[in-house]
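K.L.:
coordinates for the following, if possible.
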Amino acid sequence: MTPTITAFERSPDGGKGLARDTRVRWALEEVGQPYEVRLVSFAGMKEPEHLAIHPFGQIPTYEEGSLCLFETGSIVFHLAERHAGLLPADSDARARAITWMFAALNTVEPPILELMTARIFERDKPWSEERLPLVKDRVRATLDKLSVHLGAADWLDGAFSAGDLLMVSVLLRLRMSGILDEYQNLAAYVARGEARPAYIRAFAAQFAINADIPMSGSSSLDT
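P.N.:
Numbers count the residues shown, from 1 in each chain. The predicted model follows:
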């Protein structure tokens, strides 16, 4: 059965690949699974039909038969468990890859989201100029450690995995801030992720919704 994911009818980022459905699209492309997309408006996300799938009224969701999932980490993990290509066969390497999935979402992403909030939603506050440097320092403190771990390696732990997929997706949120450019190895790491054919297809599919251009690749729209 072809799964269906939900995505913004009009993404707040204008199709820059930062909406979280891009992460799920990327995972589906990496494992070679076709999928359909149901577009949801901001009003639609608060409707009972959508809340029955995602109780917090967000996107993406994942539906496959009677299975309904929400939260990108859970969806990506489900795909990685069910299909080859995102988790190593070796049990120890597999466990490490899963650990990096958690690290991306629980350790690295929170200060980055805090920075985005400070730059976009709090910039008109009287205390914004004083707070912003503190938030940036918290981001750098996390990136310092991540940069040391990655070193000169291509990926976090040997071959590309779901851990890298989520980590690259998280780090992409830093591009507009300029902080990512302060870490040459992390910037190159993100560029490697973006260069993967599966990411290119996922990005194009998400961008096409916002650009009103025909989609190509393994995804399709159910409007």
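K.L.:
going forward, measure contacts between C-alpha atoms and count neighbours the same way
P.N.:
Fine.
K.L.:
pull the longest helix from this structure.
P.N.:
Secondary structure assigned by DSSP state H gives helix 128-150 as the longest helix of the chain.
K.L.:
output it as CSV, restricted to C-alpha atoms.
P.N.:
C-alpha atoms of helix 128-150 as CSV (Å, rounded to 0.1, in the frame of the first residue of the first chain):
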residue,chain,number,x,y,z
SER,A,128,16.0,41.0,21.7
GLU,A,129,19.4,42.5,21.0
GLU,A,130,20.6,41.4,24.4
ARG,A,131,19.2,37.9,24.2
LEU,A,132,20.2,37.0,20.7
PRO,A,133,24.0,36.7,21.3
LEU,A,134,23.3,34.4,24.2
VAL,A,135,21.1,32.2,22.1
LYS,A,136,23.8,32.1,19.4
ASP,A,137,26.4,31.1,21.9
ARG,A,138,24.2,28.1,23.0
VAL,A,139,24.0,27.0,19.4
ARG,A,140,27.8,27.3,19.0
ALA,A,141,28.4,25.4,22.2
THR,A,142,26.6,22.4,20.7
LEU,A,143,28.2,22.8,17.2
ASP,A,144,31.6,22.9,18.8
LYS,A,145,31.1,19.4,20.1
LEU,A,146,29.5,18.1,17.0
SER,A,147,32.3,19.5,14.8
VAL,A,148,34.9,17.7,16.9
HIS,A,149,33.1,14.4,16.7
LEU,A,150,32.7,14.6,12.9
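K.L.:
what's the burial count for the residue lying closest to R175 once chain neighbours are set aside?
P.N.:
Closest residue to R175 apart from its sequence neighbours, by Cα to Cα, 6 or more residues apart in numbering: D181 at 7.7 Å. Look at D181: counted by other Cα atoms under 10 Å, it has 14 neighbours.
K.L.:
surely D181 and Y189 touch.
P.N.:
No: counting by Cα atoms under 8 Å, D181 stays clear of Y189, with 11.2 Å between them.
K.L.:
contacting residues around whichever helix or strand comes after the longest helix of the chain?
P.N.:
Remark: after helix 128-150, the chain's next helix or strand is helix 162-171, criterion DSSP states H and E. With contacts defined as Cα atoms under 8 Å, 6 or more residues apart in numbering, helix 162-171 is touched by 18, 23, 26-27, 73, 76-77, 80, 86-87, 97-102, 104-105, 108-109, 112, 155-156, 180, 189-190, 193.
K.L.:
again with stretch 99-111
P.N.:
By Cα under 8 Å, 6+ apart, stretch 99-111 touches 73, 135, 138-139, 142-143, 156, 162-164, 166-167, 170-171.
K.L.:
what's the farthest-apart pair in those?
P.N.:
Taking Cα to Cα as the measure, the contacts of stretch 99-111 span a maximum distance of 27.5 Å, between V135 and A162.
K.L.:
more crowded one of those two?
P.N.:
Taking neighbours as other Cα under 10 Å, V135 and A162 compare with A162 leading, 27 against 20.
K.L.:
the residue nearest to R175 and G65, how far apart?
P.N.:
Distance, D181 to G65, using Cα to Cα, to the nearest Å: 43 Å.
K.L.:
swap in G178?
P.N.:
In terms of Cα to Cα, G178 sits 43 Å off from G65.
K.L.:
show me where this structure has helices.
P.N.:
21-30, 48-51, 72-82, 91-103, 109-120, 128-150, 162-171, 184-195, 197-211.
K.L.:
could you dump these to TSV with mean pLDDT and distance to F42?
P.N.:
Supplementary listing: the helices of the chain in TSV, determined by pLDDT from 0 to 100; distance: least, Cα to Cα, whole Å:
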stretch	mean pLDDT	distance to F42
helix 21-30	96	15
helix 48-51	96	11
helix 72-82	97	18
helix 91-103	98	28
helix 109-120	84	19
helix 128-150	89	28
helix 162-171	98	23
helix 184-195	98	28
helix 197-211	89	15
